[in-house]
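Asks: Provide a 3D model corresponding to the input given below.
(one chain, ligands or ions: 3)
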Amino acid sequence: MAKNRGFGAIRLIAQHLGSVLPSGTFLCRRSGDEFIAVVTVSESLDDFKDKLQRCIKPLVIQLNVTGSAHFNATFSAGAALYPDDSGEVSDLLIFADTALLSAKESGRNQIRWLDSQMMFATSRKSKIDNKLALAISQGKIHPHYQPEVDLLTGKIIGFEALARWHDEELGNVSPSEFIALAEQSGAIASLTQSLFAQLVADSRVIKARFPGVRLAFNSSPQLLGGKWLLTMLKTLAFELEGALAGFVLEITESDLALSPEEISIQLQGIMDLGVKIAIDDFGKSYSSLSRLASMPIQKLKIDMSFTAGLAQEENVKIVAGILALAHSLELEVTAEGVENQAQRDTLLRLGCMQAQGYFYSRPLPLKDVMVLPRNLRPDQVA
Ligand code: C2E
Ligand code: CA
Ligand code: CA
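Replies: Ligands and ions are numbered 1, 2, ... in the order given. Reported below is the predicted structural model:
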């Protein structure tokens, strides 16, 4: 019934669009409540834009003849121009989609035209997507390392491996640009494997220079969901004769949303290889505290948004709360994103003993890591 009513509404919207769009418009339904219209511009572009804007005004749709069942429909639209934006239908569709996303993100109920900024973002994204698999197979994505320090002494106690990719054409491509694309295309498994192999190779020299440091790496939820990560680490542990002690796997709270039994088995298996488990970006999203207490984890990393907001009392209270929780669950805590002395001092006052952030060091290539002193900012020692 609801389904029929849904189709009825879609049909009414299609009829409405057919009646308000200029005659001769090609109109078809793409999927769900999305339509594609190909409209010919027969006046000045500004007049045309005004005309289209008027076509997508909100509308009350009657679902039955008595008018007792009705709903309000608002329209968001994205538009790209042929041949100005592209001569290819496939490009025009991608561009119109980008403009549609922008219309939705900026409040809906409007039409957005592709602009140079959107075009740049879209073409950069599709170039990254096209180049990613080759960059992984050619080993062009490397780990950089950001020190984690003892807040009181500045002693380096660990490093986090963060993926870095420099492409000749695109310049530096940040992990926030390519990790999500790697997850979508499935390339995340080979990327993680390549990064981890480099991390293991680098770990020998890093540990020789900084005895006792721990090396943290990030994993995507989907690798934890299947047995992929555990299998990869087991294979490596076998090859390295158990040398995975001292590694830390950082997962996010969203990973904990996987089935509790499944995640516990995976994490326990990984821990049995000597790897510690840390919850990354802690506090940023919803966590079930009872699940947290029952999970085999050893560490929390306080999300950098709380560190950045430490000048406000509410963030101080949140960080104090996280520290109390970690204390009673016997978990270690690292504060992320420490950028200045005031944040460092507040964290120490609250009892947080470990931190990471630009105040100490940005993520560095291996050769720069090797010339770091063993204590960072020792002048700050209280
Ligand atoms: P993350 O794991 O939370 O990493 C911390 C991010 O904060 C890094 O960004 C780091 O460069 C940045 N950062 C460190 N200190 C500061 C600071 O004091 N201030 C500010 N504003 N930022 C700071 P990056 O390297 O761009 O990485 C972004 C995210 O990409 C990471 O967030 C992680 O979720 C993901 N990522 C990075 N490398 C990998 C990887 O090898 N595998 C997977 N699956 N994800 C990765
Ligand atoms: Ca991390
Ligand atoms: Ca983090």
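Asks: let me see the contact set for Lys131.
Replies: Residues near Lys131 by Cβ atoms under 8 Å, 6 or more residues apart in numbering: Asp167, Leu170. Every residue, glycine included, has its C-beta placed from N, CA and C.
Asks: what's near enough to touch Pro143?
Replies: By Cβ under 8 Å, 6+ apart, the contact list for Pro143 reads Ala161, Leu162, Ala163, Arg164, Leu195, Gln198, Leu199, Asp202, Phe217.
Asks: doesn't the last one belong to a strand?
Replies: Yes: with DSSP: H, G, I helix; E, B strand; the rest coil as the criterion, Phe217 is assigned to a strand.
Asks: since we're on it, how many residues are nearby?
Replies: Using other Cβ atoms under 10 Å, Phe217 has 20 neighbouring residues.
Asks: for it, give the beta-bridge partners.
Replies: As for beta bridges, Phe217 partners with Leu249 under DSSP bridges.
Asks: got it, and the first one?
Replies: Assessed by DSSP bridges, Ala161 has beta-bridge partners Tyr145.
Asks: and it, how far is that from ligand 2?
Replies: Ala161 sits 9 Å away from ligand 2, going by Cβ to the ion, to the nearest Å.
Asks: is the spatially closest residue to Phe359 that is not a sequence neighbour in a helix, a strand, or coil?
Replies: Distances taken as Cβ to Cβ, 6 or more residues apart in numbering put Val338 closest to Phe359, at 4.8 Å, once the chain neighbours are dropped. Here Val338 is recorded as coil under three-state DSSP.
Asks: Val338: neighbour count?
Replies: Residues near Val338, counting by other Cβ under 10 Å: 27.
Asks: same check, this time on the one 4 residues further on
Replies: Around Ala342 there are 12 other residues, counting by other Cβ under 10 Å.
Asks: what segments of the chain are helices?
Replies: 2-20, 45-55, 89-105, 116-137, 175-185, 188-209, 221-225, 228-239, 260-272, 289-294, 304-308, 313-328, 341-350, 366-369 (DSSP state H).
Asks: same question for the second one: list its buried residues.
Replies: Going by neighbour count (16 or more other Cβ atoms under 10 Å), the buried part of helix 45-55 is Phe48, Lys51, Leu52, Cys55.
Asks: who in the stretch 101-250 of the chain is up against ligand 1?
Replies: Gln146, Leu162, Ala163, Ser174, Pro175, Ser176, Ile179, Leu195, Asn218, Ser219, Ser220, Glu250 (Cβ under 6 Å from any ligand atom).
Asks: contact partners for the closest residue to ligand 3 within the stretch 1-150 of the chain?
Replies: Closest contact between the stretch 1-150 of the chain and ligand 3, by Cβ to the ion, is at Gln146 (10.2 Å). Gln146 makes contacts with Phe159, Glu160, Leu162, Gln356, Ser361, Arg362, Pro363, Leu364, as judged by Cβ under 8 Å, 6+ apart.
Asks: returning to that earlier point: could the helices of the chain go into TSV alongside distance to Gly78?
Replies: Shown next, in TSV, are the helices of the chain (distance: least, Cβ to Cβ, whole Å):
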stretch	distance to Gly78
helix 2-20	15
helix 45-55	11
helix 89-105	3
helix 116-137	9
helix 175-185	21
helix 188-209	29
helix 221-225	29
helix 228-239	37
helix 260-272	39
helix 289-294	40
helix 304-308	31
helix 313-328	38
helix 341-350	41
helix 366-369	44
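Asks: just to revisit the earlier point, closest one to Leu224 out of the contacts of Pro143, please.
Replies: If you rank the contacts of Pro143 by distance to Leu224 using Cβ to Cβ, Phe217 comes first, at 12.5 Å.
Asks: tell me which residues touch that closest one, please.
Replies: Taking Cβ under 8 Å, 6+ apart, one finds Pro143, Glu160, Ala161, Leu195, Phe196, Leu199, Phe247, Val248, Leu249, Glu250 in contact with Phe217.
Asks: how about 10 Å then?
Replies: 143, 159-163, 192, 195-196, 199-200, 247-250, 275 (Cβ atoms under 10 Å, 6 or more residues apart in numbering).
Asks: from Glu336, how far off is it?
Replies: 15 Å (Cβ to Cβ, to the nearest Å).
Asks: report the contact partners of Arg108.
Replies: Thr74, Phe75, Ser76.
Asks: so which one among the residues of the stretch 101-250 of the chain next to ligand 1 has the lowest pLDDT?
Replies: By pLDDT, Ser220 ranks lowest within those, coming in at 90.
Asks: state the number of residues packed around Thr74.
Replies: Around Thr74 there are 11 residues (other Cβ under 10 Å).
Asks: tell me how far it lies from Ile10.
Replies: Distance from Thr74 to Ile10, by Cβ to Cβ: 15 Å.
Asks: so, low pLDDT: which residues of the stretch 251-382 of the chain?
Replies: Where the stretch 251-382 of the chain drops to pLDDT under 70, the residues are 257, 380-382.
Asks: who in it is up against ligand 2?
Replies: Within the stretch 251-382 of the chain, the positions near ligand 2 by Cβ under 5 Å from the ion are Asp280.
Asks: okay, which residue is most central for the protein?
Replies: Ser176 (5.7 Å; Cα atoms, centre = their mean).
Asks: what's around Leu101, how many residues?
Replies: 15.
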